[in-house]
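[1] coordinates for the following, if possible.
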Amino acid sequence: MKPDLRKNIDTPYQPIKDKSKIAITTSIFGLFIGFGLIILMYPLTLINFFKLTQLFIGFSVVGFLIPLKLYQRWFHFIKYEMILFNLMGVGPFFTALFLVLNFLFSSNLQTINYEIIGFEKSGSGIDLKLRSEIQKINSKITHISEVDLEEFSAAKTIDITLADGLFGFKVIKDRTFKK
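    Sure, this is the predicted structure:
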């Protein structure tokens, strides 16, 4: 009787599938989608740049709370890939998601009428000079980048509709010129 040789033969080496390319590709999409939405939503949200940067860093740091061993198990990441994944994918995407949700789920609409005193042309649009009881008006309210010049030249007042966003930041919902 011959011994069974099949029992001693090990299966050939199978390399572990590397999922890091998919995760890095996803983070690059998150980078472009995130920064694109941040660029669109930042002018409509009454938030300063410092606070926006704090949000970005905060959302990026949240990804570092997950231990590296889990990243290695799920995506086969090394430490540097984990850093890139959080800074390029998680941070911009969740910051943009924060701004979009703050804009979409807003309440307490307030329409305020301002008299237009004058304006200055700037490189990217028009800065309005408004008469107001409140001395300081946020520059995001007074700067208008897309203006129909015929409608603007005949306008004497502007109605600005503000709303309280989901996360407490005010958003600009509408600007209407009136004669």
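[2] only C-alpha atoms from now on, for both contacts and neighbour counts.
    Will do.
[3] list the strands paired with the biggest strand by length in the chain, with their directions.
    Once the chain is assigned using DSSP state E, the strand that runs over the most residues is strand 107-122. In the sheet, strand 107-122 lines up against strand 125-131 (antiparallel), strand 157-164 (antiparallel) (DSSP bridges).
[4] give me the residues contacting the helix or strand of the chain with the lowest mean pLDDT.
    Between all helices and strands in the chain, the lowest mean by mean pLDDT, DSSP states H and E belongs to helix 149-154, at a mean of 73. The list of residues contacting helix 149-154 from outside it, by C-alpha atoms under 8 Å, 6 or more residues apart in numbering, reads 177, 179.
[5] show me how far that helix is from its chain's centre.
    Mean-position distance between helix 149-154 and its chain equals 32 Å (C-alpha atoms, centre = their mean, to the nearest Å).
[6] quick one: buried residues of it?
    Neighbour counts over helix 149-154 (16 or more other C-alpha atoms under 10 Å) mark no residue as buried.
[7] least reliable of the strands paired with strand 107-122 by average pLDDT, please.
    With a mean of 79, strand 125-131 has the lowest mean pLDDT of the strands paired with strand 107-122.
[8] packing partners for whatever helix or strand comes next after that one?
    For strand 125-131, the following helix or strand on the C-terminal side (DSSP states H and E) is helix 139-142. Identification of packing neighbours for helix 139-142 by 3 or more C-alpha pairs under 8 Å, 6 or more residues apart in numbering; DSSP states H and E yields strand 125-131.
[9] ok so, going back, nearest to residue 94, out of the strands paired with strand 107-122?
    In terms of C-alpha to C-alpha, the element of the strands paired with strand 107-122 nearest to residue 94 is strand 157-164, at 19.9 Å.
[10] quick one: the next helix or strand after the closest one to strand 107-122, angle?
    Using DSSP H and E, the helix or strand that follows strand 157-164 in sequence is strand 170-178. Computed by axes from the mean of the first three to the mean of the last three C-alpha atoms, to 10 degrees, the angle separating strand 170-178 from strand 107-122 equals 60 degrees.
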